[in-house]
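Engineer: sequence-free structure coming up:
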C-alpha cells in the first residue's frame, strides 16, 4: 500500500501490479475514474483502488499504527521530535510574555545523554504524545524520574537547564502562559509520564510491568495483564437560579478566586447523578434542570476528564448551606458582577481595606468557558424524569 498527500487529503493506492498497464492487453490502457470520495478501477486481474481520507483521519490512523506496532514507532522516533521533562516539569524557554517548549531530534537527544554519561537505552522511557499533519511523531521523555529502562540515575536539573538553555518549570505554574496547542500537548505528556511512573509493577503479581514503545499500555509478563492509561471523570457544574450564578472557592485556591462546583464521579453513578450529588453535598441545593456543555482533560493532580455542565436549582431553593469540609465559601453572583470579573485578566492585589476583588479562572480552564457561556445565555433544558 502506497500513500501520498494531496492537499488536505491523503490518497491511498492499493494494487496487485506495479503498472497502470493491463496484463493481457499491453497496448490497451485501463480506464481510471475518480469520484470525489472514492474511485475504483478494476480490469481483469489487475486493479487500482483510490481512497481519499481527510488529514484528521489519516493522522489518527497513523497514531493508531504507532501505538500498535513497536517497530513502526521506533522508526517514527528516527525522524520525530522530543519534548523533555524533569520530574514531570517540562523544559520551557521564555519568549516575551509566554513560554515555548523546545523540540529535540533523536540525534540531539542521544548526544545529550552521551554527554552526561547516559546510554541511549533511556529513550525507551519516552511516550508518544501526538504528531503533526505531516506525520512527524512527537514524544516526551522525563530525564529526572528514575528510569525503568536504564541503570543510570536521573540527570541533575541545573546541569541540564544550562546545557539546554531553558528551565524546567512546574506545569501548573506555566500552563496559562502557554498557547492552547502547547498546553494540551504538555498536559498529555505529563499525564502519560506520571501514569507510567506510578504503574511500573503489576497489582496482581507484584512483578515489573513493561511498556510498549509508544507508551499506550503496560503489560505484565508474569500475569499477562494489560494496563492502559486512564483518567478520572470529574463533573464541574455552574449552578444558576435564573438570574444569578453560584460560585465557590476552596482554601487551596489563590486569594479572591471563585469557580464552579466540581467533584469526582463515584463508581456506579451516571453523569446526571454525579452532578446532583455534588451540588447537594457542597452547597445543599437540589437541581431542576441540567445541560452538558463540554469536556477537557486536566492533568492535575492525577489526570482528570473534566465534564462541564450548566444547572438550574429548583424554584425557591436558593439558600446556600456550605459544606465546610469541601468548601471555604460559596455565594450567588449577579450577571453584572460576573461580567466585571470576566474583564479582569489577572488576580488583583489586596486592597487597603484588606479585601481582594473576586476573580475567575483563566481562559484556558473549562470553568472560564462555563461562566462565559452563562453570561451569554443563562438557561438550560430540564433534567430527565
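Structural biologist: Received the coordinates, thanks. It should be emphasised that the depicted structure is a prediction, and the values quoted were computed from it without experimental measurement.

Engineer: so where's the protein uncertain?
Structural biologist: 1-53, 147-154, 345-354, 378-385 (pLDDT under 70).

Engineer: whichever strand or helix holds residue 128 pairs with which strands, and in what direction?
Structural biologist: In the assignment (DSSP states H and E), residue 128 maps to strand 127-131. If you go by DSSP bridges, strand 127-131 pairs up with strand 137-142 (antiparallel).

Engineer: got the contact list for the closest residue in space to residue 341 that isn't next to it in sequence?
Structural biologist: Spatial nearest neighbour of residue 341, chain neighbours left out: residue 360 (5.0 Å); criterion: C-beta to C-beta, 6 or more residues apart in numbering. Using the backbone N, CA and C atoms, a C-beta is placed for each residue, glycine as well. Contacts were defined as C-beta atoms under 8 Å, 6 or more residues apart in numbering; by that measure residue 360 touches 247, 257, 258, 259, 338, 341, 342, 344, 367, 368, 371.

Engineer: mind giving me the ChimeraX select for those residues, buried ones only?
Structural biologist: Selection of buried members from the contacts of residue 360 for ChimeraX, criterion 16 or more other C-beta atoms under 10 Å:
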select :247,257,258,259,338,341,367,368,371
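
Engineer: isn't residue 223 up against residue 204?
Structural biologist: Yes - checked against C-beta atoms under 8 Å, the pair residue 223 and residue 204 is within contact range at 4.7 Å.

Engineer: is residue 94 in a bridge, and if so with what?
Structural biologist: Applying DSSP bridges, one finds that residue 94 bridges with residue 99.

Engineer: now do it against residue 226, distance only.
Structural biologist: 41 Å (C-beta to C-beta, to the nearest Å).

Engineer: what do you get for residue 104?
Structural biologist: With C-beta to C-beta as the criterion, residue 104 and residue 226 are 31 Å apart.

Engineer: can you pick out the residue with more neighbours from the two?
Structural biologist: residue 104 (19 against 11; other C-beta atoms under 10 Å).

Engineer: torsion angles phi and psi at the more buried one?
Structural biologist: Main-chain torsions, residue 104, degrees, to the nearest 10: phi -130, psi 140.

Engineer: quick one: which of residue 223 and residue 204 has more around it?
Structural biologist: Neighbours per residue (other C-beta under 10 Å) separate residue 223 from residue 204, with residue 223 holding more: 14 against 11.

Engineer: tell me who's in contact with the more buried one.
Structural biologist: Residue 223 neighbours (C-beta under 8 Å, 6+ apart): 202, 204, 205, 207.

Engineer: swap in residue 194?
Structural biologist: With C-beta under 8 Å, 6+ apart, residue 194 has these contacts: 88, 299, 302, 303.
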